[in-house]
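Trainee: Got a predicted structure plus its sequence, pasted below:
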Amino acid sequence: MELWQKILNSSFRQPAQLAKYFRGIDVASLDRVAETYPMCINPYYLSLVERPDDPIGRQCIPDPEELEASASVPDPLAEESTSPVPCLVHRYPDRALFLVTTRCAMYCRFCTRKRKVGKQDEPITEEMRRDAIAYIARTPEIRDVIVSGGDPLLLPDETLEGLLQSLRAIPHVEMVRIGTRVPCVLPQRVTRKLADMLKKYHPLYMNVHFEHPREVTPQAAKALNRLADAGIPLGNQSVLLKGVNDDPATFVELNRKLLACRVRPYYIYQADPVEGTEHFRTPVDAGLAVVRGLRGHTSGLAVPQYVIDAPGGGGKIPLLPEYVVARDGERVLLRNYKDQYYVYPEVDQTPAVPPLAARCPLSLDPDPDPDPVGRVQA
(Lines give C-alpha, C1' and ligand atoms only; values in the text may rest on other atoms or scores of the structure.)
Protein backbone atom coordinates (compact mmCIF):
# COMPACT_ATOMS: atom_id res chain seq x y z
CA MET A 1 0.00 0.00 0.00
CA GLU A 2 1.32 3.41 -0.96
CA LEU A 3 1.69 6.26 1.52
CA TRP A 4 -1.28 8.22 0.16
CA GLN A 5 -3.51 5.16 0.53
CA LYS A 6 -2.44 4.72 4.15
CA ILE A 7 -3.22 8.38 4.84
CA LEU A 8 -6.59 8.09 3.14
CA ASN A 9 -7.46 4.92 5.02
CA SER A 10 -6.77 6.76 8.28
CA SER A 11 -9.33 9.45 7.49
CA PHE A 12 -11.64 10.65 10.22
CA ARG A 13 -15.25 9.90 9.35
CA GLN A 14 -16.92 10.33 12.75
CA PRO A 15 -17.13 13.69 14.57
CA ALA A 16 -16.27 11.95 17.85
CA GLN A 17 -12.77 11.37 16.45
CA LEU A 18 -12.26 15.15 16.37
CA ALA A 19 -13.03 15.64 20.06
CA LYS A 20 -9.51 14.81 21.23
CA TYR A 21 -8.07 17.47 18.93
CA PHE A 22 -10.55 20.30 19.48
CA ARG A 23 -12.11 21.04 22.83
CA GLY A 24 -15.72 22.09 22.96
CA ILE A 25 -16.92 20.31 19.86
CA ASP A 26 -20.58 19.37 20.13
CA VAL A 27 -20.27 15.83 18.84
CA ALA A 28 -24.01 15.10 18.91
CA SER A 29 -24.88 18.07 16.69
CA LEU A 30 -22.06 17.29 14.28
CA ASP A 31 -23.22 13.66 14.12
CA ARG A 32 -26.59 14.88 12.86
CA VAL A 33 -24.87 16.87 10.12
CA ALA A 34 -22.61 13.98 9.11
CA GLU A 35 -25.62 11.67 8.80
CA THR A 36 -26.92 13.91 6.00
CA TYR A 37 -23.63 15.15 4.55
CA PRO A 38 -20.79 12.68 5.14
CA MET A 39 -17.54 13.74 6.76
CA CYS A 40 -14.08 12.65 5.59
CA ILE A 41 -10.93 14.42 6.78
CA ASN A 42 -7.61 12.74 6.17
CA PRO A 43 -4.82 13.22 8.74
CA TYR A 44 -2.74 15.40 6.40
CA TYR A 45 -5.49 17.97 5.85
CA LEU A 46 -6.52 17.82 9.52
CA SER A 47 -2.94 18.76 10.44
CA LEU A 48 -3.50 22.13 8.74
CA VAL A 49 -6.46 22.96 11.00
CA GLU A 50 -5.63 25.20 13.97
CA ARG A 51 -9.21 25.77 15.14
CA PRO A 52 -12.55 24.37 13.89
CA ASP A 53 -13.65 27.85 12.85
CA ASP A 54 -10.45 28.87 11.09
CA PRO A 55 -10.29 29.07 7.26
CA ILE A 56 -9.12 25.46 7.01
CA GLY A 57 -11.42 23.99 9.65
CA ARG A 58 -14.49 25.63 8.12
CA GLN A 59 -13.82 23.76 4.88
CA CYS A 60 -13.74 20.28 6.37
CA ILE A 61 -15.46 20.12 9.78
CA PRO A 62 -19.26 19.73 9.74
CA ASP A 63 -21.25 22.75 10.89
CA PRO A 64 -24.81 22.65 12.29
CA GLU A 65 -25.62 25.54 9.94
CA GLU A 66 -25.54 22.99 7.11
CA LEU A 67 -28.93 21.71 8.29
CA GLU A 68 -30.61 25.11 8.56
CA ALA A 69 -33.42 25.79 6.13
CA SER A 70 -32.73 28.16 3.24
CA ALA A 71 -33.88 28.94 -0.27
CA SER A 72 -30.94 26.99 -1.71
CA VAL A 73 -31.52 23.75 -3.59
CA PRO A 74 -29.57 20.48 -3.99
CA ASP A 75 -28.77 21.00 -7.69
CA PRO A 76 -28.79 24.71 -8.50
CA LEU A 77 -26.80 24.28 -11.72
CA ALA A 78 -29.37 21.83 -13.11
CA GLU A 79 -26.71 19.22 -13.76
CA GLU A 80 -29.19 16.38 -13.47
CA SER A 81 -31.46 17.84 -16.15
CA THR A 82 -28.53 18.44 -18.54
CA SER A 83 -27.22 14.88 -18.26
CA PRO A 84 -28.02 12.86 -21.39
CA VAL A 85 -26.62 9.77 -19.65
CA PRO A 86 -25.78 9.22 -15.98
CA CYS A 87 -22.50 10.82 -14.79
CA LEU A 88 -22.12 13.09 -17.82
CA VAL A 89 -23.24 16.72 -18.07
CA HIS A 90 -23.50 18.21 -21.55
CA ARG A 91 -24.36 21.88 -21.16
CA TYR A 92 -22.02 23.74 -23.51
CA PRO A 93 -21.92 22.83 -27.22
CA ASP A 94 -18.32 21.60 -27.45
CA ARG A 95 -17.61 20.52 -23.86
CA ALA A 96 -18.78 17.75 -21.56
CA LEU A 97 -18.34 17.20 -17.84
CA PHE A 98 -17.53 13.56 -17.07
CA LEU A 99 -18.12 12.60 -13.42
CA VAL A 100 -16.08 9.47 -12.82
CA THR A 101 -16.44 8.93 -9.06
CA THR A 102 -18.31 10.27 -6.01
CA ARG A 103 -15.32 9.82 -3.67
CA CYS A 104 -12.95 12.56 -2.55
CA ALA A 105 -9.86 12.70 -0.35
CA MET A 106 -11.71 15.21 1.85
CA TYR A 107 -15.36 16.15 1.79
CA CYS A 108 -15.57 19.91 1.40
CA ARG A 109 -18.44 21.37 3.39
CA PHE A 110 -19.20 23.81 0.54
CA CYS A 111 -19.29 21.20 -2.23
CA THR A 112 -21.48 21.98 -5.27
CA ARG A 113 -22.30 18.28 -5.61
CA LYS A 114 -23.06 17.82 -1.94
CA ARG A 115 -26.21 15.99 -2.99
CA LYS A 116 -24.18 12.94 -4.05
CA VAL A 117 -20.45 13.19 -3.17
CA GLY A 118 -19.51 10.72 -0.46
CA LYS A 119 -22.91 9.10 -0.29
CA GLN A 120 -23.08 5.32 -0.36
CA ASP A 121 -26.28 5.33 -2.42
CA GLU A 122 -24.79 7.49 -5.20
CA PRO A 123 -22.08 5.26 -6.69
CA ILE A 124 -20.70 5.70 -10.19
CA THR A 125 -20.27 2.29 -11.72
CA GLU A 126 -18.00 1.03 -14.48
CA GLU A 127 -21.07 0.56 -16.66
CA MET A 128 -22.06 4.21 -16.17
CA ARG A 129 -18.56 5.32 -17.20
CA ARG A 130 -18.76 3.16 -20.33
CA ASP A 131 -22.13 4.69 -21.23
CA ALA A 132 -20.69 8.18 -20.79
CA ILE A 133 -17.72 7.41 -23.05
CA ALA A 134 -20.08 5.92 -25.64
CA TYR A 135 -22.12 9.15 -25.59
CA ILE A 136 -18.98 11.24 -26.10
CA ALA A 137 -17.90 8.96 -28.96
CA ARG A 138 -21.20 9.39 -30.81
CA THR A 139 -21.37 13.16 -30.22
CA PRO A 140 -18.82 14.73 -32.59
CA GLU A 141 -19.31 18.29 -31.38
CA ILE A 142 -17.64 17.41 -28.06
CA ARG A 143 -13.99 18.36 -28.40
CA ASP A 144 -13.16 19.08 -24.75
CA VAL A 145 -13.88 16.69 -21.85
CA ILE A 146 -13.57 17.75 -18.21
CA VAL A 147 -12.98 14.71 -16.01
CA SER A 148 -14.26 15.43 -12.53
CA GLY A 149 -16.27 13.85 -9.74
CA GLY A 150 -15.76 13.43 -6.80
CA ASP A 151 -12.05 13.43 -7.40
CA PRO A 152 -10.69 11.51 -10.40
CA LEU A 153 -7.26 11.20 -8.81
CA LEU A 154 -8.73 8.91 -6.17
CA LEU A 155 -9.22 6.27 -8.82
CA PRO A 156 -6.47 3.66 -9.08
CA ASP A 157 -3.82 4.55 -11.66
CA GLU A 158 -4.94 1.71 -13.92
CA THR A 159 -8.60 2.78 -13.86
CA LEU A 160 -7.76 6.42 -14.54
CA GLU A 161 -5.40 5.47 -17.34
CA GLY A 162 -8.09 3.29 -18.91
CA LEU A 163 -10.47 6.25 -18.96
CA LEU A 164 -7.84 8.55 -20.48
CA GLN A 165 -7.01 5.94 -23.13
CA SER A 166 -10.68 5.64 -24.05
CA LEU A 167 -11.10 9.40 -24.34
CA ARG A 168 -7.91 9.90 -26.34
CA ALA A 169 -9.06 7.17 -28.74
CA ILE A 170 -12.07 9.29 -29.75
CA PRO A 171 -10.90 11.33 -32.79
CA HIS A 172 -12.98 14.44 -32.08
CA VAL A 173 -11.86 14.77 -28.45
CA GLU A 174 -9.07 17.31 -28.82
CA MET A 175 -8.26 17.85 -25.17
CA VAL A 176 -8.94 16.48 -21.72
CA ARG A 177 -9.02 18.41 -18.49
CA ILE A 178 -8.93 16.92 -15.00
CA GLY A 179 -10.55 18.74 -12.09
CA THR A 180 -9.05 17.70 -8.77
CA ARG A 181 -8.50 18.85 -5.21
CA VAL A 182 -5.98 16.12 -4.48
CA PRO A 183 -2.83 18.31 -4.80
CA CYS A 184 -4.36 20.49 -2.06
CA VAL A 185 -5.93 17.99 0.33
CA LEU A 186 -3.80 14.86 -0.26
CA PRO A 187 -0.65 15.90 -2.15
CA GLN A 188 1.04 12.58 -1.37
CA ARG A 189 -1.24 11.06 -4.05
CA VAL A 190 0.72 12.86 -6.77
CA THR A 191 3.38 10.20 -7.10
CA ARG A 192 6.06 10.07 -9.75
CA LYS A 193 4.28 7.04 -11.21
CA LEU A 194 1.02 9.00 -11.52
CA ALA A 195 2.75 11.97 -13.17
CA ASP A 196 4.55 9.65 -15.61
CA MET A 197 1.23 8.06 -16.55
CA LEU A 198 -0.61 11.35 -17.01
CA LYS A 199 1.99 12.89 -19.30
CA LYS A 200 1.31 10.18 -21.90
CA TYR A 201 -2.12 11.73 -22.62
CA HIS A 202 -1.37 15.29 -23.68
CA PRO A 203 -2.91 17.69 -24.38
CA LEU A 204 -3.97 17.18 -20.78
CA TYR A 205 -4.81 20.12 -18.54
CA MET A 206 -5.49 20.11 -14.83
CA ASN A 207 -7.51 22.49 -12.69
CA VAL A 208 -6.66 22.26 -9.03
CA HIS A 209 -8.64 23.72 -6.17
CA PHE A 210 -6.92 25.80 -3.47
CA GLU A 211 -8.96 28.16 -1.30
CA HIS A 212 -6.50 29.62 1.18
CA PRO A 213 -2.74 30.35 1.23
CA ARG A 214 -2.20 28.03 4.21
CA GLU A 215 -3.06 25.14 1.91
CA VAL A 216 0.02 25.80 -0.24
CA THR A 217 2.32 23.74 1.96
CA PRO A 218 5.74 22.34 0.98
CA GLN A 219 4.02 19.00 0.27
CA ALA A 220 1.45 20.67 -1.97
CA ALA A 221 4.16 22.66 -3.75
CA LYS A 222 6.07 19.45 -4.42
CA ALA A 223 2.97 17.83 -5.93
CA LEU A 224 2.20 20.86 -8.10
CA ASN A 225 5.77 21.12 -9.37
CA ARG A 226 5.79 17.41 -10.16
CA LEU A 227 2.69 17.85 -12.32
CA ALA A 228 4.14 20.94 -13.98
CA ASP A 229 7.37 19.04 -14.68
CA ALA A 230 5.21 16.46 -16.47
CA GLY A 231 4.16 19.22 -18.86
CA ILE A 232 0.62 19.56 -17.49
CA PRO A 233 -0.69 23.15 -17.62
CA LEU A 234 -2.17 23.93 -14.20
CA GLY A 235 -4.98 26.31 -13.32
CA ASN A 236 -6.63 26.99 -9.98
CA GLN A 237 -10.32 27.30 -9.29
CA SER A 238 -11.34 28.86 -6.00
CA VAL A 239 -14.77 29.41 -4.51
CA LEU A 240 -15.41 32.66 -2.68
CA LEU A 241 -16.24 31.51 0.85
CA LYS A 242 -17.33 33.52 3.87
CA GLY A 243 -14.80 33.22 6.67
CA VAL A 244 -12.28 31.48 4.44
CA ASN A 245 -11.11 33.76 1.65
CA ASP A 246 -13.61 36.60 1.25
CA ASP A 247 -11.04 39.39 1.33
CA PRO A 248 -8.53 40.70 -1.22
CA ALA A 249 -5.42 40.17 0.92
CA THR A 250 -6.07 36.43 1.21
CA PHE A 251 -6.37 36.06 -2.54
CA VAL A 252 -3.27 38.15 -3.22
CA GLU A 253 -1.22 35.85 -0.98
CA LEU A 254 -2.84 32.66 -2.31
CA ASN A 255 -2.40 33.56 -5.96
CA ARG A 256 1.20 34.64 -5.53
CA LYS A 257 2.00 31.33 -3.86
CA LEU A 258 0.25 29.38 -6.62
CA LEU A 259 2.13 31.22 -9.35
CA ALA A 260 5.38 30.32 -7.62
CA CYS A 261 4.32 26.67 -8.10
CA ARG A 262 3.48 27.30 -11.78
CA VAL A 263 -0.28 27.33 -11.22
CA ARG A 264 -2.22 30.03 -13.03
CA PRO A 265 -5.25 31.33 -11.06
CA TYR A 266 -8.14 30.57 -13.41
CA TYR A 267 -11.53 31.16 -11.77
CA ILE A 268 -12.98 32.59 -8.59
CA TYR A 269 -16.49 31.22 -8.36
CA GLN A 270 -19.27 33.00 -6.58
CA ALA A 271 -20.60 30.28 -4.26
CA ASP A 272 -23.51 28.39 -5.76
CA PRO A 273 -26.80 28.41 -3.81
CA VAL A 274 -26.40 24.76 -2.83
CA GLU A 275 -28.55 23.35 -0.07
CA GLY A 276 -26.46 22.97 3.08
CA THR A 277 -23.90 25.64 2.15
CA GLU A 278 -25.80 28.90 2.69
CA HIS A 279 -23.48 29.94 5.53
CA PHE A 280 -20.55 30.13 3.06
CA ARG A 281 -22.23 32.49 0.61
CA THR A 282 -21.10 36.11 0.31
CA PRO A 283 -22.60 39.16 -1.43
CA VAL A 284 -21.50 39.63 -5.03
CA ASP A 285 -19.91 42.91 -3.93
CA ALA A 286 -17.40 40.88 -1.90
CA GLY A 287 -16.24 39.14 -5.08
CA LEU A 288 -15.99 42.40 -6.98
CA ALA A 289 -13.94 43.83 -4.10
CA VAL A 290 -11.55 40.88 -4.35
CA VAL A 291 -11.04 41.49 -8.07
CA ARG A 292 -10.49 45.22 -7.42
CA GLY A 293 -7.95 44.24 -4.79
CA LEU A 294 -6.04 42.10 -7.27
CA ARG A 295 -6.10 44.04 -10.53
CA GLY A 296 -3.24 46.50 -10.60
CA HIS A 297 -2.04 45.53 -7.14
CA THR A 298 -0.30 42.36 -8.24
CA SER A 299 0.70 40.63 -11.47
CA GLY A 300 -2.00 40.21 -14.08
CA LEU A 301 -1.11 36.51 -14.03
CA ALA A 302 -2.51 36.43 -10.50
CA VAL A 303 -5.91 37.81 -11.50
CA PRO A 304 -8.44 35.06 -12.30
CA GLN A 305 -11.88 35.52 -13.78
CA TYR A 306 -14.61 36.09 -11.22
CA VAL A 307 -17.71 34.23 -12.40
CA ILE A 308 -21.19 33.25 -11.36
CA ASP A 309 -22.29 29.86 -12.59
CA ALA A 310 -25.85 30.89 -13.39
CA PRO A 311 -28.55 28.97 -11.50
CA GLY A 312 -30.65 26.78 -13.75
CA GLY A 313 -27.78 25.78 -16.02
CA GLY A 314 -27.11 29.16 -17.60
CA GLY A 315 -23.35 28.64 -17.56
CA LYS A 316 -20.53 30.80 -16.27
CA ILE A 317 -21.00 34.55 -16.47
CA PRO A 318 -17.94 36.75 -15.82
CA LEU A 319 -18.20 39.78 -13.56
CA LEU A 320 -15.89 42.77 -13.44
CA PRO A 321 -15.83 45.95 -11.43
CA GLU A 322 -17.00 48.84 -13.56
CA TYR A 323 -13.77 50.01 -15.14
CA VAL A 324 -15.69 51.39 -18.13
CA VAL A 325 -17.53 54.23 -16.47
CA ALA A 326 -19.16 55.80 -19.53
CA ARG A 327 -19.00 56.08 -23.33
CA ASP A 328 -20.27 58.78 -25.67
CA GLY A 329 -19.41 57.29 -29.06
CA GLU A 330 -16.15 59.21 -29.37
CA ARG A 331 -14.55 58.65 -26.02
CA VAL A 332 -14.53 56.10 -23.23
CA LEU A 333 -14.26 57.19 -19.62
CA LEU A 334 -12.23 54.62 -17.70
CA ARG A 335 -11.41 54.10 -14.03
CA ASN A 336 -8.11 52.51 -13.06
CA TYR A 337 -7.19 50.47 -10.00
CA LYS A 338 -6.44 53.67 -8.02
CA ASP A 339 -9.93 55.04 -8.78
CA GLN A 340 -8.39 57.60 -11.12
CA TYR A 341 -10.28 58.49 -14.29
CA TYR A 342 -8.89 58.46 -17.82
CA VAL A 343 -10.31 59.19 -21.26
CA TYR A 344 -9.57 56.84 -24.13
CA PRO A 345 -10.28 58.16 -27.67
CA GLU A 346 -12.73 55.76 -29.29
CA VAL A 347 -12.41 54.60 -32.91
CA ASP A 348 -15.88 53.26 -33.43
CA GLN A 349 -18.62 55.90 -33.65
CA THR A 350 -21.24 53.61 -32.17
CA PRO A 351 -23.80 55.57 -30.11
CA ALA A 352 -23.22 55.64 -26.40
CA VAL A 353 -24.44 52.60 -24.43
CA PRO A 354 -25.53 53.29 -21.79
CA PRO A 355 -26.08 57.07 -21.77
CA LEU A 356 -23.25 58.90 -20.09
CA ALA A 357 -25.39 61.03 -17.83
CA ALA A 358 -27.03 57.97 -16.36
CA ARG A 359 -23.74 56.24 -15.53
CA CYS A 360 -21.29 58.76 -14.14
CA PRO A 361 -21.19 61.84 -11.94
CA LEU A 362 -18.28 63.13 -14.03
CA SER A 363 -18.60 64.83 -17.38
CA LEU A 364 -16.43 64.27 -20.44
CA ASP A 365 -17.31 67.59 -21.98
CA PRO A 366 -16.39 70.40 -21.62
CA ASP A 367 -15.32 70.59 -17.97
CA PRO A 368 -13.34 69.07 -16.32
CA ASP A 369 -10.73 68.90 -19.09
CA PRO A 370 -8.60 65.83 -19.50
CA ASP A 371 -4.92 66.34 -18.98
CA PRO A 372 -2.47 65.49 -21.84
CA VAL A 373 -2.41 61.80 -20.98
CA GLY A 374 -6.16 61.62 -20.86
CA ARG A 375 -6.69 61.65 -17.11
CA VAL A 376 -9.81 63.47 -15.95
CA GLN A 377 -9.36 65.72 -12.94
CA ALA A 378 -12.08 64.52 -10.63
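Mentor: Structure received.
Trainee: Please report the distance of Leu288 from Ser72.
Mentor: Using Cβ to Cβ, to the nearest Å, Leu288 is found at 22 Å from Ser72. Bear in mind the C-beta positions are built from the backbone N, C-alpha and C, glycine included.
Trainee: which ones are touching the closest residue in space to Ile232 that isn't next to it in sequence?
Mentor: Distances taken as Cβ to Cβ, 6 or more residues apart in numbering put Met206 closest to Ile232, at 5.1 Å, once the chain neighbours are dropped. By Cβ atoms under 8 Å, 6 or more residues apart in numbering, the contact set of Met206 is 177-180, 227, 232-235.
Trainee: In the protein, where is pLDDT below threshold?
Mentor: Where the chain drops to pLDDT under 70, the residues are 348-378.
Trainee: the strands in it, which residues?
Mentor: For the chain, applying DSSP state E gives strands covering 88-89, 95-99, 144-148, 175-179, 204-208, 234-240, 263-270, 305-310, 315-319, 324-327, 331-335, 341-345, 375-376.
Trainee: Buried deepest among the ones you listed, which one?
Mentor: Of all the strands of the chain, strand 88-89 carries the top mean neighbour count, a mean of 24, counting by mean count of other Cβ atoms under 10 Å.
Trainee: contact partners of that strand?
Mentor: Against strand 88-89 from outside (Cβ under 8 Å, 6+ apart): 79, 82-83, 96-99, 131-132, 135-136.
Trainee: next one: stretch 159-169
Mentor: So stretch 159-169 is contacted by 98, 100, 129, 133, 136, 145, 147, 152-153, 155, 173, 176, 197-198, 200-201, 204 (Cβ under 8 Å, 6+ apart).
Trainee: Quick check: buried residues in it?
Mentor: Within stretch 159-169, the residues scored as buried using 16 or more other Cβ atoms under 10 Å are 160-161, 163-164, 166-168.
Trainee: related to what we said a few turns ago, test of understanding: give the bridge partners of the residue nearest to Ile232.
Mentor: Counting by DSSP bridges, Met206 forms beta bridges with Ile178, Leu234.
Trainee: mind listing which of the contacts of stretch 159-169 are in helices?
Mentor: Cross-referencing the contacts of stretch 159-169 against helices under DSSP state H gives 129, 133, 136, 197-198.
Trainee: Let's have the residues you listed in TSV, adding neighbour count.
Mentor: TSV is the format used below for the ones in helices among the contacts of stretch 159-169 (neighbours: other Cβ atoms under 10 Å):
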residue	neighbour count
Arg129	22
Ile133	21
Ile136	20
Met197	16
Leu198	23
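Trainee: can you redo those as CSV with distance to Leu88?
Mentor: Compiled in CSV, those are given as follows (distance: Cβ to Cβ, whole Å):
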residue, distance to Leu88
Arg129, 9
Ile133, 9
Ile136, 7
Met197, 23
Leu198, 21
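Trainee: quick one: which of these is nearest Val185?
Mentor: Ranked by distance to Val185 (Cβ to Cβ), the ones in helices among the contacts of stretch 159-169 are led by Leu198 at 18.2 Å.
Trainee: quick one: that closest one and Thr191 touch, right?
Mentor: No: using Cβ atoms under 8 Å as the test, Leu198 is too far from Thr191 to be in contact (10.6 Å).
Trainee: Now do the contacts for Val274.
Mentor: So Val274 contacts 72-74, 76, 110-112, 114-115 (Cβ under 8 Å, 6+ apart).
Trainee: err, Arg129, not the other one
Mentor: Arg129 neighbours (Cβ under 8 Å, 6+ apart): 87, 100, 163.
Trainee: now these in CSV, with distance to Asp309?
Mentor: Listed next are the contacts of Arg129 as CSV, based on distance: Cβ to Cβ, whole Å:
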residue, distance to Asp309
Cys87, 19
Val100, 20
Leu163, 25
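Trainee: And the ones in helices among the contacts of stretch 159-169, which two are furthest apart?
Mentor: Ile136 and Met197, at 20.8 Å, using Cβ to Cβ across the ones in helices among the contacts of stretch 159-169.
Trainee: what's stretch 309-321 in contact with?
Mentor: 76-79, 81-82, 91-92, 267, 269-270, 272-273, 284, 287-288, 291-292, 295, 305-308.
Trainee: Tell me the spacing between the residue nearest to Gly243 when sequence neighbours are not counted and Lys222.
Mentor: Sequence neighbours aside, Arg58 is the residue nearest to Gly243 in space, at 5.4 Å (criterion: Cβ to Cβ, 6+ apart). For Arg58, the distance to Lys222 equals 26 Å [Cβ to Cβ].
Trainee: Specify which residue of the two has the higher count of neighbours.
Mentor: Neighbour totals were compared for Arg58 and Lys222, and Arg58 leads with 22 against 15 (other Cβ atoms under 10 Å).
Trainee: so who does the more buried one touch?
Mentor: By Cβ under 8 Å, 6+ apart, the neighbours of Arg58 are 52, 109, 241, 243-244, 280.
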